[in-house]
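Student: this is a predicted model, with the sequence first.
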Amino acid sequence: MTSLSTTPATAVREVGEGQKDDAQRIERIRQAAYRIRRNALDMGEVQGQGYIGQALGVADVLAVVYTDQLRYRPEDPHWADRDRFLLSIGHYAIALYAALAEAGIIPVEELESYGSDDSRLPMSGMASYTPGMEISGGSLGHGLGVATGMALGLRHLGNPARVFNLLSDGELDEGSTWEAAMACAHHGLDNVTAIVDVNALQADGPTAGVLRTEPVVDKWRAFGWHALRVDGNDVAALVSAFDELREHRGSPAVLICDTRIGSGVPLLENREKAHFMRVEEHEWELARTQLQEGLAR
Ligand SMILES: [Mg+2]
């Protein structure tokens with residue numbers, strides 16, 4: 001494998017810090033998204049497999065969240081006032097590790113241990129293993145319930161931290177997600193932001209064929225949520241949407257992000273869509289080249 005991309009030094013991030021110059025802000029996030037994709041590809045190559053299609057698809061969302069929106073202290077992952085990011089889709093861990101490295105919460109050099117015995121970076125997200133991994137995910141439908149409980153607790157404590165939960169479109173099939181959505185709105189938890197990665201695919205096939213979830217935005221609004229929908233691979237659109245959601249008060253908010261599986265690597269974007277994408281040994285280097293070419297455009 002080639003060397004993992006270097007993470008820039010990260011300090012305590014304060015909300016609004018990155019907003020002085022929009023063009024600079026967007027470019028900085030695009031560079032972070034590139035490194036997240038690049039590091040995810042390198043981790044995928046180490047194992048010869050991984051949920052690489054989803055990782056590439058969600059990289060822009062994670063770049064905006066981790067380099068522009070969340071408040072945290074990289075050297076103190078348990079800081080009481082940190083914003084919480086809950087990954088209920090445990091198989092996206094490869095993408096979150098790349099984002100945690102970008103955030104300075106785990107060392108970039110550690111990424112090459114992904115999926116190995118005794119690694120702190122198992123193939124599915126485990127809270128007890130990884131700094132910055134708030135919950136163990138993988139069995140879908142639990143993240144939003146935990147987020148709701150955490151947000152209630154923070155409100156009782158007068159703690160201003162926010163709680164984010166990244167869900168997938170497949171996770172909307174879970175009844176527990178909608179119970180949590182109802183409870184979260186009932187309690188008016190405006191410290192909760194849900195993010196739904198709509199890549200139109202889930203383990204058993206295209207989402208539209210497994211269980212129709214559209215119209216997604218109308219459903220969340222009917223449950224009492226402030227809901228927006230954006231192209232989840234458009235950094236500028238994501239930034240505007242997250243900024244608007246941060247100002248919203250009185251109810252929880254959700255951002256529906258339409259993403260492309262394999263985004264940033266045409267070789268993988270154009271291949272037949274699969275929940276678990278096969279990448280041949282010789283294709284990893286080509287994927288990195290294509291990713292680099294995309295950044296230059
Ligand atoms: Mg999906």
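Tutor: Thanks, I have it.
Student: tell me the secondary structure at Ala194.
Tutor: At Ala194 the chain is in strand, as set by DSSP: H, G, I helix; E, B strand; the rest coil.
Student: ok, it touching Thr148?
Tutor: No: the pair Ala194 / Thr148 is not scored as a contact, 9.9 Å apart, by C-beta atoms under 8 Å. No exception for glycine: its C-beta is placed from N, CA and C like everyone else's.
Student: more neighbours: which of the two?
Tutor: When neighbours are counted by other C-beta atoms under 10 Å, Ala194 and Thr148 differ, and Ala194 comes out ahead with 28 against 25.
Student: contacting residues around that one?
Tutor: Ala194 sits next to Leu144, Ala147, Phe164, Asn165, Leu167, Ala181, Trp220, Trp225, Pro252, Ala253, Val254, Leu255 when contact means C-beta atoms under 8 Å, 6 or more residues apart in numbering.
Student: can you flag which of those belong to helices?
Tutor: Under the assignment DSSP state H, the contacts of Ala194 contribute Leu144, Ala147, Ala181, Trp220 to helices.
Student: doesn't Arg221 make contact with the third one?
Tutor: No: judged on C-beta under 8 Å, Ala181 makes no contact with Arg221 at a distance of 10.8 Å.
Student: the two: which is more packed in?
Tutor: Ala181 (24 against 14).
Student: number of nearby residues for the residue in the stretch 1-150 of the chain that the ion sits nearest to?
Tutor: As assessed by C-beta to the ion, the ion sits closest to Gln54 within the stretch 1-150 of the chain, at 7.1 Å. Other residues within reach of Gln54, judged by other C-beta under 10 Å, total 26.
Student: is it in a helix, a strand, or coil?
Tutor: At Gln54 the chain is in helix, as set by three-state DSSP.
Student: who's in contact with it?
Tutor: Gln54 sits in contact with Ile89, His91, Tyr92, Ala95, Ser168, Asp197, Asn199, Ile261, where contact means C-beta under 8 Å, 6+ apart.
Student: okay, which residue is most central for this protein?
Tutor: Centroid-nearest residue in the chain: Leu62, 4.3 Å away (criterion: C-alpha atoms, centre = their mean).
Student: you'd agree that one is up against Ala95?
Tutor: Yes: between Leu62 and Ala95 there is a contact at 5.9 Å, judged by C-beta under 8 Å.
Student: any common contacting residues for the two?
Tutor: In contact with both Leu62 and Ala95: Ile36, using C-beta under 8 Å, 6+ apart.
Student: excluding residues flanking it in the chain, which one is nearest the residue nearest to the centre of the chain?
Tutor: Nearest non-adjacent residue to Leu62, counting by C-beta to C-beta, 6 or more residues apart in numbering: Ala99, 4.0 Å away.
Student: ok, now how distant is that neighbour from Met133?
Tutor: Distance, Ala99 to Met133, by C-beta to C-beta, to the nearest Å: 11 Å.
Student: these two: which has the busier surroundings?
Tutor: More neighbours surround Ala99 than the other of Ala99 and Met133, with 30 against 26 (other C-beta under 10 Å).
Student: from Tyr66, how far out is the more buried one?
Tutor: 5 Å.
Student: repeat for Glu285
Tutor: Glu285 is 27 Å from Tyr66, by C-beta to C-beta.
Student: looking at these two, which is more packed in?
Tutor: Neighbour comparison, Glu285 and Tyr66: the larger count goes to Tyr66, with 26 against 13 (by other C-beta under 10 Å).
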